[in-house]
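Visitor: Below are the sequence and a predicted model for it; my questions follow.
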Amino acid sequence: MYETPLRIAIFLALCGFIAGCNNRDVTLVPVSGRVLIDGQPVPCGSLQVLPAGYRPAFGKLDENGRFELTTHTAGDGCVPGKHKVTITAMEMQPNSRQKWYAPKKYSNPSMSNVMIEITEETADLEIDLTWDGGKPFVESF
């Protein structure tokens, strides 16, 4: 007796869930730029832009600290708004070692204080980091 309405309710709930997870109707803004630490390019690593309520955008840093953000497809950018950013500026080295080119705090979403505001397409977003008296270091694990 309740079988048909229950099936319909489950079907509609699944449709809503699937539609909500897709979110491809959100407008993305192309964004590229560079990451500097104490005025010098960060030579390797990646950054992640963390919008509230939407999937993160990612960018890989080249040797000049340049990046291009990707959310779904290469270079499509990120959603407009004010977002927290994490930067993991590290490269693997032999013998289970990592060389860090920026403080580890920037790679942790709860510790990074880096915020960006995206309102329109930009090719010259500059993200400035600081060592606060520190310097690059090698870590063994």
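Guide: In hand now; what should we look at? Residues are numbered from 1 along each chain as shown.

Visitor: and the most centrally placed residue in the chain, what is it in contact with?
Guide: Residue closest to the average C-alpha location in the chain (C-alpha atoms, centre = their mean): residue 48, at 1.4 Å. Residues in contact with residue 48 (C-beta atoms under 8 Å, 6 or more residues apart in numbering) are 56-59, 85-88. C-beta coordinates here come from the backbone N, C-alpha and C atoms, glycine included.

Visitor: Could you tell me what pLDDT the model assigned to it?
Guide: In this model, residue 48 is scored at 98, pLDDT.

Visitor: Same check on the one 5 residues further on?
Guide: Here, the pLDDT recorded for residue 53 equals 89.

Visitor: same check, this time on residue 139
Guide: Residue 139 carries a pLDDT value of 82.

Visitor: before we move on, what about residue 1?
Guide: pLDDT for residue 1: 48.

Visitor: any weak-confidence spans in the protein?
Guide: 1-24 (pLDDT under 70).

Visitor: which residue ranges form the helices in it?
Guide: Per DSSP state H, the chain has helices spanning 3-22. These are given in chain order.

Visitor: And the strands in it?
Guide: If DSSP state E is used as the criterion, the strands of the chain fall at 31-37, 40-41, 45-50, 57-61, 66-68, 81-88, 90-93, 97-100, 115-118, 122-129, 137-140.

Visitor: Walk me through which strands the third one pairs with, and which way each runs.
Guide: Put plainly, it is strand 45-50. Taking DSSP bridges as the criterion, strand 45-50 forms sheet pairs with strand 57-61 (antiparallel), strand 81-88 (antiparallel).

Visitor: what angle sits between the shortest one and strand 31-37?
Guide: Yep, that's strand 57-61 we're talking about. For strand 57-61 against strand 31-37, the angle by axes from the mean of the first three to the mean of the last three C-alpha atoms, to 10 degrees is 50 degrees.

Visitor: Export strand 57-61 to CSV, keeping only CA atoms.
Guide: The C-alpha trace of strand 57-61 is given here as CSV (Å, rounded to 0.1, in the frame of the first residue of the first chain):
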residue,chain,number,x,y,z
ALA,A,57,40.2,24.5,-7.6
PHE,A,58,43.8,23.4,-8.0
GLY,A,59,46.9,24.8,-9.6
LYS,A,60,50.4,23.4,-10.1
LEU,A,61,53.3,25.8,-9.5
